[in-house]
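>>> structure for this input, please:
(one chain, ligands or ions: 2)
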Amino acid sequence: ESLSFGFLQVASPVPQGPNKWHEQFPIAKGQRQSPIDIVTSNAKVDKALSDNPLKVSYSNNCCQSVTNTGASFQVVVDGAGTEISGGPLDSTYKLVQFHAHWGPLGGDEGSEHTVDGVTYPAELHLVHWNQKYKDVGEAVDKPDGLAVIGVFFSRGKEHAGFKPISDLFAKVPRKADKVDISFNYDPACLLPARRDYWTYLGSLTTPPLFESVTWIVMKDPVEVSAEQLAALRNLLWETPSGEGQMCNNYRPPQPLQGRLVRST
Ligand SMILES: CCc1c(F)c(F)c(S(N)(=O)=O)c(F)c1F
Ligand SMILES: [Zn+2]
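Numbering: from 1, shown residues only. Ligands and ions are numbered 1, 2, ... in the order given. A predicted model of the protein is given here:
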């Protein structure tokens, strides 16, 4: 939105970059911020994670719409029957939305988490909230409020499962644009076949940066085509020089602050 004084149109300020977020959100320099660089040799295999495997049960008619949030695309989910449990989670969490973060056209940076310093061109986030709370608004700032599954996208062959979603980006070019998802869609198709992951306690990676996320980062990337990565740039956002292609909407890795990363 922009402020208007009759003749004078004052554009709403372009959001500040990650290195200035701490001015308005001091928790940006907190003790459990995300993302992090996952140093695989320091990750500790925890048998308990495999003894109680992560259970992902999504229904195939849970996705309602795709929106341009001005910072990413967001597929809004109605949550009916889309639950995860087990693994690092002490209760059932329900899917509320998924979105992604990506880099420049053709580049290899863009993921938020990195693995031994290696970046991927994009990272998908499936956001779930703890069913012990009455709604996602109550859960969003609680230490055990959210569980986000991160899936790395690598550049390769087309991802047939992602195509119905990536084809919609051209329909939501501007902030607040929204298109309904009229077809059945099961977001589980976006998960890699091998369900091994790293898990650690962290935060939202965009303001308000609440330290409320149990992160579950899948070890294996899923392949998407260069065209599907390019489709992410059909989404537009405000840049200092006016409207431009949405890209580089990722936060770089944050200090680990002594946290343990566990591994299956
Ligand atoms: C408050 C809404 C919100 C975000 F803005 C967000 F960026 C993430 S993230 N990148 O950590 O997955 C969430 F999980 C989330 F729930
Ligand atoms: Zn995210």
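>>> what does the stretch 151-264 of the chain put close to ligand 1?
Listed as neighbours of ligand 1 in the stretch 151-264 of the chain under the rule CB under 6 Å from any ligand atom: 204-206, 213. For the C-beta atoms, the positions are set from N, CA and C on the backbone; glycine is no exception.
>>> brain fart, the stretch 1-150 of the chain
125, 127, 140, 146, 148.
>>> which of these has the largest number of neighbours?
Leu146 (25 neighbours; other CB atoms under 10 Å).
>>> which element is the residue of the stretch 1-150 of the chain found nearest ligand 1 on?
In the stretch 1-150 of the chain, the residue that lies nearest ligand 1 is His125 (3.6 Å; CB to the nearest ligand atom). His125 belongs to strand 122-130 when assigned by DSSP states H and E.
>>> distance from that strand to the middle of the chain?
5 Å (CA atoms, centre = their mean, to the nearest Å).
>>> now swap in stretch 234-252 and tell me
16 Å.
>>> quick one, strands of the stretch 51-200 of the chain?
Secondary structure of the stretch 51-200 of the chain (DSSP state E, counting those that start in this stretch): strands at 55-57, 63-68, 73-77, 83-85, 93-102, 114-115, 122-130, 146-155, 178-180, 197-202.
>>> so which other helices or strands are in contact with the fifth one?
In other words, strand 93-102. Strand 93-102 sits against strand 73-77, strand 83-85, strand 122-130, strand 146-155, with contacts defined as 3 or more CB pairs under 8 Å, 6 or more residues apart in numbering; DSSP states H and E.
>>> mind listing the strands that strand pairs with, and their directions?
Strand 93-102 pairs in its sheet with strand 73-77 (antiparallel), strand 83-85 (antiparallel), strand 122-130 (antiparallel), by DSSP bridges.
>>> the last one too?
Partner strands for strand 197-202, per DSSP bridges, with pairing direction: strand 213-218 (antiparallel), strand 262-263 (antiparallel).
>>> run the chain-centre distance for the next helix or strand after the longest one.
I take that to be strand 213-218. Helices and strands here follow DSSP H and E; after strand 213-218, the next one along the chain is strand 222-224. The chain centre lies 16 Å from the centre of strand 222-224; the measure is CA atoms, centre = their mean.
>>> who are the packing partners of strand 222-224?
Counting by 3+ CB pairs under 8 Å, 6+ apart, strand 222-224 packs on strand 146-155.
>>> name the helices or strands packed onto the strand it packs on?
The elements that strand 146-155 packs onto, with contact taken as 3+ CB pairs under 8 Å, 6+ apart, are strand 93-102, strand 122-130, strand 213-218, strand 222-224, helix 226-231.
>>> go with 7 Å
With contacts taken as 3 or more CB pairs under 7 Å, 6 or more residues apart in numbering; DSSP states H and E, strand 146-155 sits against strand 122-130, strand 213-218, strand 222-224.
>>> so which of these gets nearest Lys175?
Using CB to CB as the measure, strand 122-130 is the one of those that comes nearest Lys175, at 18.8 Å.
>>> and the angle from that closest one to strand 146-155?
Using axes from the mean of the first three to the mean of the last three CA atoms, to 10 degrees, one finds that strand 122-130 and strand 146-155 are set 160 degrees apart in direction.
>>> hey, C-alpha coordinates of strand 122-130 in CSV?
Extracted as CSV, the C-alpha positions of strand 122-130 are listed here (Å, rounded to 0.1, in the frame of the first residue of the first chain):
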residue,chain,number,x,y,z
ALA,A,122,16.1,-22.5,-3.7
GLU,A,123,14.6,-23.9,-0.5
LEU,A,124,11.0,-24.8,0.1
HIS,A,125,9.4,-24.4,3.6
LEU,A,126,6.4,-26.4,4.7
VAL,A,127,5.1,-24.5,7.8
HIS,A,128,3.2,-26.5,10.5
TRP,A,129,1.7,-25.3,13.9
ASN,A,130,1.5,-27.3,17.1
